[in-house]
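Asks: model this:
(3 chains)
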Amino acid sequence: MDIERALKELRRRRPLVHNITNFVVMNTTANVLLAIGASPVMAHAIEELEEMINIADSVVINIGTLDESWVESMIHAVKIANEYEKPVILDPVGAGATRYRTSTALKLIEIGDIYILRGNYSEIKSLIGEKGRTRGVDSISSGEDAKDVAVKASEMFNTTAVVTGKVDYVSNGKKCYAIENGTPMLAWVTGTGCMLTSIMGAFSAVASPLDAAIASLLTFEIAAEKAEEEAPYPGSFHMKLYDWLYRIDEELIRKRKKVREIEP
Amino acid sequence: MDIERALKELRRRRPLVHNITNFVVMNTTANVLLAIGASPVMAHAIEELEEMINIADSVVINIGTLDESWVESMIHAVKIANEYEKPVILDPVGAGATRYRTSTALKLIEIGDIYILRGNYSEIKSLIGEKGRTRGVDSISSGEDAKDVAVKASEMFNTTAVVTGKVDYVSNGKKCYAIENGTPMLAWVTGTGCMLTSIMGAFSAVASPLDAAIASLLTFEIAAEKAEEEAPYPGSFHMKLYDWLYRIDEELIRKRKKVREIEP
Amino acid sequence: MDIERALKELRRRRPLVHNITNFVVMNTTANVLLAIGASPVMAHAIEELEEMINIADSVVINIGTLDESWVESMIHAVKIANEYEKPVILDPVGAGATRYRTSTALKLIEIGDIYILRGNYSEIKSLIGEKGRTRGVDSISSGEDAKDVAVKASEMFNTTAVVTGKVDYVSNGKKCYAIENGTPMLAWVTGTGCMLTSIMGAFSAVASPLDAAIASLLTFEIAAEKAEEEAPYPGSFHMKLYDWLYRIDEELIRKRKKVREIEP
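Replies: All right, here's what the predicted structure looks like:
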């Protein structure tokens, strides 16, 4: 699929994205999904997971404020989504910061198929390290290393892995892409990584993992560029981000996109 | 009571609205209540429900992100509110999407008196259908049908029922009103239905169910019209919505209101 | 430490502030911490508290939407933070409104050292009254009384107590300060008190309790003054508040600050 056309298809399909996510971003990820043209639903009760996932087009799992009962819901959701063949997108928020987060993320990966795994450098690296039992606390990313982490995660977990940062790397093990859109202002608003992950949930309803990941990165980060041009401070920027997710179109993406295929 | 004057009375009384609501809209409904001139409180622990409801002027129950322990709190809250004669406003978010939501909403209606029941067409219709065991999955609303759903729900549940949509219908079984204010932009921000329901909690402290429902619809939807005129994109619109809930006055409502009484 | 320089030091250190807070303000307090230059994390699972507090620079406890399992987490967090010598900032939201909130706040104070205790007049007064078993329901604050409440709380709980209102009072028992910055518009947005408390968490990583409390009040309230000058309505004001927390600098604080030392 032509990456830019995925956005048109998303808006035509208006996919229902089921989120089991953290308390911090429930409102903002719902608003991001609406702005881009998808339909969000949040539900975590075991009693209703199967029915909700059955009508959903994809499932986003985000471990940002986990506890025992939510982890149980997440595990159920991954299993059900796999059974119903709905794409699962996983955001291992804070993996590496505590063993509880690292092990929960690894457990979710272990029990099911993950369509896209999206995290920052430290998070994805901790998942690889823990798995291989080779690394302790992580240092700061440098460019090439982040790419290697994405490639290794995609191979180790048999998924499409996205490592976001100054440059974003997407890999499915065979192919690898680098994206250089976005603005540092994204780091001044909470949950922008979670927003991006939820958008991947929307695109996953209309595209392959690789295409969905790249389309999400381009759409979200180019919208952020436009928002930052209009509003260079975090509160106003945050509000304009929704405006531009609503306004962005194929033409704008085509003009601004900075994506290149690289060697895995 | 003169509908437009209800807003003045609300602001004079500054009612305390107790909310047991969903995680997605806790912040935004609190801000909506403040902007309109009410005072919000959120509390769900069984241990404090009775004391909180005792000092509150009304109780808003919203099942948007329910689970077992929250459902238990909601049941307690309805019983206590009835005992203390505080109006209960119910928003059956997602009723019809899962049996858990439908049955929880019906249970809350069954155990207590509901001052106002507010939902969209699918939600209210599913409550009627489940109760009468006559209907399966719902189709999309068409105008007259939505009115019938409001009337039937009001009769079946002995309450004032509000079905919101392009045209909103309010019925207490004897009288029926249609309201045609608002803007499609409301559908691009999460929880605007929940916001409206919480405002009904505020007006319920100063008006009859019918008047409170109509006053809330007019106030919220005319504020939304003004917000949309200033900011036609969802992020900016969302922010301006609070501005206009704060700025709206009787004069503006009188000039803009599109409400008519119709046959039930 | 020079109060104005604390902000520079905060931005240099970029402290990690661990929050166990209420559902209403999770997003907004995270955004406030980012805007001011700190790094927020939200985590409440017993399983990860020790590791998270170990890497954090301070711990903010806010009882705004408590229940049994969250209270348990808060108790653990205070104990662990004391053990690791991380400052604990306590916001007893709603103390006095229900016995559950009052007793929970008192329990947290009893089991550990609190670096800063921040509340409004009714909240802090209820903690003193309950402790001394001398007072029932509170009346509205008048100036001098609020100061006495701050001083008494600081002595009774061996902490730095902050009572916010039209005039804010800060006392550590030996010294006392009055701050008169801010704008009434802060009362039209939910959780602005919680935002202020979370900022105290950030300043506590770089300053003494007294300096951290005063620096937080000045920074937050002067940012609010600037926001209100640009946007006199609650939605726009709210957004501009983040902008100005990001933009505020030592020079602006020095020019605008209204702080004076008074007799305890």
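Asks: residue numbers of chain A in contact with chain B?
Replies: A:23, A:26-27, A:30-31, A:34-35, A:40-48, A:51-52, A:55, A:69, A:238-244, A:246-247 (C-beta under 8 Å from any C-beta of the partner chain). Bear in mind the C-beta positions are built from the backbone N, C-alpha and C, glycine included.
Asks: looking at chain A, which helix or strand is least sure?
Replies: helix A:121-132 (a mean of 82; mean pLDDT, DSSP states H and E).
Asks: and the contacts of that helix?
Replies: Residues external to helix A:121-132 that are found in contact with it (C-beta atoms under 8 Å, 6 or more residues apart in numbering or on different chains): A:92-97, A:102-103, A:105-106, A:109, A:117, A:119, A:135-136, A:138, A:140-141, A:145-146, A:149-150, A:152-153, A:156-157, A:161, A:163, A:165.
Asks: quick one: buried ones out of those residues?
Replies: Listed as buried from the contacts of helix A:121-132 are A:92-97, A:102-103, A:105-106, A:109, A:117, A:119, A:141, A:146, A:149-150, A:152-153, A:157, A:161, A:163, A:165; burial here means 16 or more other C-beta atoms under 10 Å in any protein chain shown.
Asks: neighbours of the nearest residue to A:Ile36 once chain neighbours are set aside, how many?
Replies: Using C-beta to C-beta, 6 or more residues apart in numbering or on different chains and skipping residues adjacent in sequence, the residue nearest A:Ile36 is A:Leu245, 4.9 Å away. As a burial measure, A:Leu245 scores 27 neighbours (other C-beta atoms under 10 Å in any protein chain shown).
Asks: gap between A:Leu245 and B:Arg5?
Replies: From A:Leu245 over to B:Arg5 the distance is 40 Å, taken as C-beta to C-beta, to the nearest Å.
Asks: repeat for A:Ile199
Replies: 45 Å.
Asks: the two: who's more crowded?
Replies: Shown here are A:Ile199 and B:Arg5; by other C-beta under 10 Å, A:Ile199 has more neighbours (30 against 15).
Asks: ok, the nearest residue to that one once chain neighbours are set aside - contacts?
Replies: Distance criterion C-beta to C-beta, 6+ apart; nearest residue to A:Ile199, sequence neighbours excluded, is A:Ser216 at 4.5 Å. A:Ser216 sits next to A:Leu196, A:Ile199, A:Met200, A:Ala202, A:Phe203 when contact means C-beta under 8 Å, 6+ apart.
Asks: quick one, grab the pLDDT at the last one.
Replies: What the model reports for A:Phe203 is a pLDDT of 98.
Asks: give me the buried positions along stretch A:179-199.
Replies: Here stretch A:179-199 shows A:179, A:181-183, A:185-186, A:188-199 as buried, counting by 16+ other C-beta under 10 Å.
Asks: show me how far it is from its chain's centre.
Replies: The chain centre lies 10 Å from the centre of stretch A:179-199; the measure is C-alpha atoms, centre = their mean, to the nearest Å.
Asks: average model confidence for it?
Replies: pLDDT averaged over stretch A:179-199 gives 98.
Asks: cool, and stretch A:9-20?
Replies: According to the model, stretch A:9-20 has a mean pLDDT of 98.
Asks: that one and chain C in contact?
Replies: No - legend: contact between stretch A:9-20 and chain C by C-beta under 8 Å from any C-beta is lacking; minimum distance shown is 14.6 Å.
Asks: chain center to that stretch, what's the gap?
Replies: So, by C-alpha atoms, centre = their mean, the centroid of stretch A:9-20 is 14 Å from its chain's centroid.
Asks: start to end distance for it?
Replies: End-to-end distance of stretch A:9-20: 24 Å, with C-alpha to C-alpha, to the nearest Å as the criterion.
Asks: now the residue in the stretch 101-250 of chain A positioned nearest to chain B. Nearest residue, chain neighbours left out?
Replies: Closest to chain B within the stretch 101-250 of chain A is A:Tyr242: 3.0 Å, counting by C-beta to the nearest C-beta. In this structure, A:Tyr242 finds its nearest non-sequential neighbour in B:Gly235, 3.0 Å apart by C-beta to C-beta, 6+ apart.
Asks: give me the phi and psi angles of the one you found.
Replies: phi -70, psi -50 (degrees, to the nearest 10).
Asks: what's the neighbour count on it?
Replies: Around B:Gly235 sit 27 other residues, with neighbours defined as other C-beta under 10 Å.
Asks: wait, it sits on A:Leu241?
Replies: Yes - the pair B:Gly235 / A:Leu241 is scored as a contact, 6.4 Å apart, by C-beta atoms under 8 Å.
Asks: for A:Arg14, give me its contacts.
Replies: Counting by C-beta under 8 Å, 6+ apart, A:Arg14 has contacts A:Gly37, A:Ala38, A:Ser39.
Asks: also A:Tyr233?
Replies: Contacts of A:Tyr233 (C-beta under 8 Å, 6+ apart): C:Tyr242, C:Asp243, C:Trp244, C:Tyr246, C:Arg247.
Asks: over to the third one. Which of the three states is it?
Replies: Secondary structure assignment for C:Trp244 (DSSP: H, G, I helix; E, B strand; the rest coil): helix.
Asks: what is the burial count for it?
Replies: Neighbours of C:Trp244 (other C-beta under 10 Å): 23.
Asks: ok, back up a step: mind checking which of the residues of chain A next to chain B land in helices?
Replies: A:26-27, A:30-31, A:34-35, A:46-48, A:51-52, A:55, A:69, A:238-244, A:246-247 (DSSP state H).
Asks: drop anything exposed from those.
Replies: Here, 16+ other C-beta under 10 Å leaves A:26-27, A:30-31, A:34-35, A:47-48, A:51-52, A:238-244, A:246-247 buried among those.
Asks: report the angle between the host helix or strand of A:Val163 and helix A:121-132.
Replies: Element membership for A:Val163 (DSSP states H and E) is strand A:160-164. Between strand A:160-164 and helix A:121-132, the angle comes out at 140 degrees (axes from the mean of the first three to the mean of the last three C-alpha atoms, to 10 degrees).
Asks: ok, strand A:160-164: who's next to it in the sheet?
Replies: The pairing partners recorded for strand A:160-164 under DSSP bridges are strand A:116-120 (parallel), strand A:168-171 (antiparallel).
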